[in-house]
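Trainee: Everything below, folded, please.
(one chain, ligands or ions: 1)
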Amino acid sequence: MKRIAILGSSGSIGEQTIDVASKMREEVHIEALAVRSNIKALKAQIKKFKPSAVSVENDTDAKELKKWCISNKIKINVYSGQNGLEKLATMSKVNMVLAAVVGSVGLKSIIAAIKAKKDIALANKESLVTAGDYLMKLAKKNGVSMLPVDSEHSAIFQCCCGEKKNDTRKIILTASGGPFYKYNDDFSKISVEQALAHPTWKMGEKITIDSATLMNKGLEAIEASILFGVPIDKVEIVIHPQSIVHSMVEYIDGSVIAQLSTPDMRLPIQYALIYPKRLKSNIKFLNLAEIGKLEFYKPDFNKFPCLQLAYLAAKKGGDLPAVMNASNEIAVKSFLHKEIKFTDVAKIVEKTMKAHKVSKKNILPEDFFKSDSWAREYANNLIEKEFKL
Ligand code: MG
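Mentor: Here you go, the predicted model:
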């Protein structure tokens, strides 16, 4: 029985995890739930699943929620803030943490969960990009499984089953291409609304913008390199607009193994939750004849400079991926607030990366947090001084 804490339960991945878990009550029990500020969603989840603990971001919300629990005769521990996330991640009843908080803010709770020997279902790629080697070493030391929830990484994981790592020639990471892979107009004129209209996946706002700039694919390339222990230049990105092949692994003998399915996040979520089991799911079975064709294209690194930045960050290593990720988080937020242009996102990330002195010795979380905060401040200043519309 998997007894899970869902960190980020009101987001897109969190809600879909709840949907999956509610259909597998024999296999998965929801023990704890954390949201940032969507108290309404959390209350509905509490009523339905009766977790033993919950957490919210701020104290005022926590107080209000405690009162609501008392008046509804619900016995539950209510926590708040970073401490609250860590409390849930380390609860003795919990044996798996679904990390779906957006951004590197999720990193501390993942570290706490690994130290408490909880398996991780990882939907927070930013943490892995920020402190990947450290997290993987820590997981190994504590005998903890890091199970990918990202659809591409779940695909790679499935393609690797039973294979020897040394036999891998390369990982082929597929990308839908987002809304602009065929776009030939002026990229600087792309609006927030256009960027939020993703053709195949329905996701949260931050990841949808990352998918439009292709930074999401850059982050995923780094994520794949870390999770599967493959150098970044052996991770190849290919545009596949249908989002049916979720990724592939090529072996030294020329065999390519792929994982295909209808694009539905509930599948990788279910796979991570009950691995190594497979159970019937509610997703639509694939009808290849109906789909007709599967296309593959080379991505344009000039049109999408975020891809170049991600490969550069991964190659240089150290704390540069952390700096790239943090400045991207700031730039995306600013774009969503309509303060900067679409094309400024990559420019801000690039300038922040250039201004940073790469430290290779950083192996401790404190160092990553320091570089992360430095990059946020630098990017915010850049926006104020040079980019704000
Ligand atoms: Mg993905």
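Trainee: Now Met248: phi and psi?
Mentor: phi -140, psi 160 (degrees, to the nearest 10).
Trainee: Identify the residues contacting it.
Mentor: Each residue near Met248 by CB atoms under 8 Å, 6 or more residues apart in numbering is listed here: 155-156, 159, 171-172, 174, 256-259. Where you see a C-beta, it was placed from the backbone N, CA and C, and this is true even at glycine.
Trainee: Which two among the residues you listed are spaced furthest apart?
Mentor: Thr174 and Ile257 (13.2 Å; CB to CB).
Trainee: Between these two, which has more neighbouring residues?
Mentor: Higher neighbour count among Thr174 and Ile257: Thr174, with 27 against 17, using other CB atoms under 10 Å.
Trainee: Could you confirm that one falls within a helix?
Mentor: No: under DSSP: H, G, I helix; E, B strand; the rest coil, Thr174 sits outside any helix and is assigned strand.
Trainee: excluding its backbone neighbours, what's nearest it?
Mentor: Excluding its sequence neighbours, the residue lying closest to Thr174 (CB to CB, 6 or more residues apart in numbering) is His240, at 4.1 Å.
Trainee: In contact with the one you found, which residues?
Mentor: Shown here is His240, whose contacts under the criterion CB under 8 Å, 6+ apart are 174-177, 294-297.
Trainee: how does it look with 7 Å?
Mentor: Residues in contact with His240 (CB atoms under 7 Å, 6 or more residues apart in numbering) are 174-176, 294-296.
Trainee: Kindly state the beta-bridge partners for Asp119.
Mentor: Counting by DSSP bridges, Asp119 is bridged to Met96.
Trainee: Neighbours of the closest residue to the ion within the chain, how many?
Mentor: Residue of the chain nearest the ion, by CB to the ion: Asp150 (4.3 Å). If you count neighbours by other CB under 10 Å, Asp150 ends up with 27.
Trainee: Val97 too?
Mentor: With other CB under 10 Å as criterion, Val97 counts 29.
Trainee: does it really touch Ile111, like I thought?
Mentor: No: assessed by CB atoms under 7 Å, Val97 is found out of contact with Ile111, at 11.0 Å.
Trainee: hang on, isn't Gly11 packed against Leu98?
Mentor: No: with contact defined as CB under 7 Å, Gly11 does not reach Leu98; the gap is 10.8 Å.
Trainee: in what helix or strand does Glu236 lie?
Mentor: Per DSSP states H and E, Glu236 falls inside strand 235-239.
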